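Visitor: here you go, sequence then predicted model.
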Amino acid sequence: MGKITGFIEYKRVDEPNKAVEDRLKDFREFTLPLDVKEQEKQGSRCMDCGIPFCHSGCPLGNLIPDFNDLIYRGEWQKALEILHSTNNFPEFTGRLCPAPCEKACVLGLIEDPVSIENIEKNIVERGFAKGWVRANPPKIRTGKKVAVVGSGPAGLATAQQLNRAGHLVTVFERDDAIGGLLRYGIPNFKLEKEIIDRRIAILEDEGIVFKTNTHIGVNYSVDQLDEFDAVVLCGGATKKRALPTKGADAKGVVQAMDFLTQQTKTIFGSKFSEEAISAKGKNVIVIGGGDTGSDCIGTSNRQGAKSVTNFEIMPKPPVGRSESTPWPFWPLQLKTSSSHEEGCDRNWLINTKEFLTNENNELIGLKTVEVEWKMVPGERPLLIEREGSEKNWPCDLVLLALGFTGPETTLSDQLGLELDQRTNFKANNYQTNVPHIFTAGDMRRGQSLIVWAINEGREAAREVDIYLMGESNLPTKGQGDLPGV
């Protein structure tokens, strides 16, 4: 490491945010970058720790100490090469990843961990600003044709890796724009869509063909996939979890992803056939305490909600690391997002008993009950209602941020694919029971993180390449795709 004492000399400094009153005026990103010298100081905090546990914490196996050291030395272009060698899209992970690498950072045992995620974002953003991120089409084509179904992070990573191997790749997306949940599931204030567009332009220049408004099995017959030598299904886990509670069909009870998708489409003038959903002037309740729930809170506040309340059925996590999740594991710990800071009444151990409606089946409130979890050794936890704790909450809009139960099964039915016990697409080394059909990302592993989806896409591409060619030079996890890396 270039500065052995960097972690002693410098404290962690995070990017500041615009003031709440300013950032709520629009849907733009609101972080304010640190100056270059401060970023280089942050890179110098990376310790010469012997065994870099950040590697094991990162699903991609990013070479974190290497690029940290390079930016400390001011060698940003080399840092970008190292970063890109294991991560196709650091501009996505640098904004959206919960950074398990930082929770595994050795420095985190005694100080605030190295700000790895922010360093990653700044490396790639400097790369785009300097023109270092350029298309690199393959010099030789194999003539093999591969279809990738789905253009989220798993599909895009699969496509880029297979294109690098020289195959002819076509990506099919059922929506009107490329990006999957990056496009329509992540609010613009967390990921401006121009960030996606500039990367897609590079992938197109590298030779990848994108086809939007193409829903395989619906308006594009699965028989048409026969022209491809291999197919990789990366359609995600998109079956929304419902809440089987009385009154759940009321007008005003909305799935979170429908709400978020509409907002993004509204920003860019895209058409949608459903009735417009707006939080403006309404008392909003968000059910679900995860990242999607947080995104609904931030979006509701920007739309001008009268109030925003958040329900979570689980207990409030501890502020510090729990004994049940010791370092370097991902901690059970309270997370306060920027959206929470913008205004929200957070409630834990709350269960919805009934959606209250008027004579027109319009939502007017919620009936809830406080709960507790009873732990029984060897059995699943029991949910116990607290007697006499029922309460009515007036509200006009409820957003269900309850996650997803798995992939839609249209394709598995039509292609004759097996499902696993969790109703995900069953695969062995990413290969389904139909030999030329592979699957990756949330469609294979269930709802997960963007960084895992990119890893899945990279690993699946290698397996497809081996299937097509008998061997592969594509890297596996933690193995850079640069000479000597």
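Guide: Yes, it's here.
Visitor: how about L363, secondary structure?
Guide: At L363 the chain is in strand, as set by DSSP: H, G, I helix; E, B strand; the rest coil.
Visitor: roughly how far does it sit from A159?
Guide: 42 Å (Cβ to Cβ, to the nearest Å). Any C-beta I mention is one placed from the backbone N, CA and C, and that applies to glycine too.
Visitor: more neighbours: these two, which one.
Guide: More neighbours surround A159 than the other of L363 and A159, with 29 against 23 (other Cβ atoms under 10 Å).
Visitor: any idea how far the more buried one is from K240?
Guide: 26 Å.
Visitor: quick check: domain ranges of this structure?
Guide: Annotated domains of the chain cover 6-130, 145-238+405-469, 242-402 [automatic domain parsing].
Visitor: state the phi and psi torsions of N347.
Guide: phi -130, psi 130 (degrees, to the nearest 10).
Visitor: could you find the closest non-adjacent residue to it?
Guide: Spatial nearest neighbour of N347, excluding adjacent residues (Cβ to Cβ, 6 or more residues apart in numbering): F311 at 5.4 Å.
Visitor: beta partners of the one you found?
Guide: I287, N347 (DSSP bridges).
Visitor: what count of nearby residues applies to it?
Guide: The tally of other residues near F311 (other Cβ under 10 Å) stands at 23.
Visitor: need the contact list for it.
Guide: Counting by Cβ atoms under 8 Å, 6 or more residues apart in numbering, F311 touches I285, V286, I287, G288, G289, N347, I350, T352, T368.
Visitor: give the buried residues for the longest helix belonging to the chain.
Guide: Counting by DSSP state H, the longest helix found in the chain is helix 450-469. In terms of neighbour count (16 or more other Cβ atoms under 10 Å), helix 450-469 has its buried residues at 450-465, 467-468.
Visitor: avg pLDDT for stretch 476-485?
Guide: The average pLDDT for stretch 476-485 rounds to 62.
Visitor: ok, now stretch 273-289?
Guide: 95.
Visitor: mind listing what's buried in it?
Guide: Result for stretch 273-289 [16+ other Cβ under 10 Å]: buried residues I277, S278, A279, K282, N283, V284, I285, V286, I287, G288, G289.
Visitor: just give the number of residues close to F89.
Guide: Every residue meeting other Cβ under 10 Å relative to F89 is counted, giving 24.
Visitor: surely it touches R199?
Guide: Yes - using Cβ atoms under 8 Å, F89 is in contact with R199, at 6.3 Å.
Visitor: quick one: common contacting residues for these two?
Guide: Residues touching both F89 and R199 (Cβ under 8 Å, 6+ apart): L156.
Visitor: L233 contacts H436, correct?
Guide: No - counting by Cβ under 8 Å, L233 sits too far from H436 to count as a contact (11.5 Å).
Visitor: who has more neighbours, those two?
Guide: A direct count of neighbours by other Cβ under 10 Å for L233 and H436 places L233 higher, at 30 against 17.
Visitor: next, the residue lying closest to that one once chain neighbours are set aside: phi, psi?
Guide: Once flanking residues are discounted, L233 sits nearest to T439: 4.3 Å by Cβ to Cβ, 6+ apart. For T439, the backbone dihedrals (degrees, to the nearest 10) come out as phi -150, psi 150.
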